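*Asks:* Need a 3D model of the sequence below.
(2 chains)
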Amino acid sequence: AQRVTQPEKLLSVFKGAPVELKCNYSYSGSPELFWYVQYSRQRLQLLLRHISRESIKGFTADLNKGETSFHLKKPFAQEEDSAMYYCALSLLNNAGNMLTFGGGTRLMVKP
Amino acid sequence: KAGVTQTPRYLIKTRGQQVTLSCSPISGHRSVSWYQQTPGQGLQFLFEYFSETQRNKGNFPGRFSGRQFSNSRSEMNVSTLELGDSALYLCASSLAGAQTEAFFGQGTRLTVV
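*Replies:* Residues are numbered from 1 along each chain as shown, chains lettered A, B, ... in the order given. Down below sits the predicted model:
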């Protein structure tokens, strides 16, 4: 069975510092990886996904199949980046929309 | 356009009762998924419905069930409620294809006492 691990429950950085939120997955097949974000009092929403290879709000994520990781990075954190971040996996051979989520990392960006 | 709407927002039920939660997807979205969120287990997939058929199912007991109507609206039902069913239940809608972006509702907070 597939599994997603986010080893840090809380990550605290100062404004302007680089940020890396870690995500590791276990799955023997081909996964599609996502990062979802939940800002305070807002709904869970898609931040970015591997297949689109976009940079959203300055965040990027690279899929490393050798290390089975999909870490989320931003070179300079902003206070408005403070939120809960979830890494999620979907199976490419699954004809549907079924996400396996990691436990989440709360990012706090201090002024 | 309107987002995913879940009703009710809050529910308090007694052990042994049953409950029905409702989800209205974004117009044009035909896939509806349900997730349970708890502090201990995090976000866990319950099931997905597409064109009134269950397309995927997570590892939850049979007390958890769902259905989808012809207008893509979905309901989930939990029978014989247990204290451990207390959670935030999230609904997400997606376009018809696979691995498409999931748009989440604000959730229904269920408390079982």
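*Asks:* number of nearby residues for the residue lying closest to residue B:58 once chain neighbours are set aside?
*Replies:* Of all residues not flanking residue B:58 in the chain, residue B:45 sits nearest, at 4.1 Å (CB to CB, 6 or more residues apart in numbering or on different chains). (Each C-beta comes from the backbone N, C-alpha and C, glycine too.) Residue B:45: 21 surrounding residues under other CB atoms under 10 Å in any protein chain shown.
*Asks:* number of nearby residues for residue B:54?
*Replies:* 14.
*Asks:* thought it was touching residue B:48?
*Replies:* Yes. With contacts counted by CB atoms under 8 Å, residue B:54 reaches residue B:48, the gap being 7.1 Å.
*Asks:* anything in contact with each of the two?
*Replies:* Common contact partners of residue B:54 and residue B:48 (CB atoms under 8 Å, 6 or more residues apart in numbering or on different chains): none.
*Asks:* Doesn't the residue nearest to residue B:58 belong to a helix?
*Replies:* No. Under DSSP: H, G, I helix; E, B strand; the rest coil, residue B:45 falls outside any helix and is assigned strand.
*Asks:* Please tell me how far it sits from residue B:17.
*Replies:* Applying CB to CB, to the nearest Å, the value for residue B:45 to residue B:17 is 24 Å.
*Asks:* can you check residue A:102 too?
*Replies:* 32 Å.
*Asks:* out of these two, which sits in the more crowded spot?
*Replies:* Each of residue A:102 and residue B:17 has its neighbours counted (other CB under 10 Å); residue A:102 has more, 25 against 11.
*Asks:* what sits against the more buried one?
*Replies:* Counting by CB under 8 Å, 6+ apart, residue A:102 touches A:4-6, A:23, A:86-88, B:42.
*Asks:* Select only the buried ones of those in ChimeraX?
*Replies:* Here is the ChimeraX selection string for the buried members of the contacts of residue A:102, based on 16 or more other CB atoms under 10 Å in any protein chain shown:
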select /A:4,6,23,86,87,88 /B:42
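*Asks:* As TSV, the contacts of residue A:102 with distance to residue A:59 and pLDDT would be great.
*Replies:* TSV is the format used below for the contacts of residue A:102 (distance: CB to CB, whole Å; pLDDT from 0 to 100):
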residue	distance to residue A:59	pLDDT
A:4	18	96
A:5	19	97
A:6	15	98
A:23	12	97
A:86	13	98
A:87	12	97
A:88	15	95
B:42	21	93
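*Asks:* Contacts only, for residue A:77.
*Replies:* With CB under 8 Å, 6+ apart, residue A:77 has these contacts: A:13-19, A:107, A:109.
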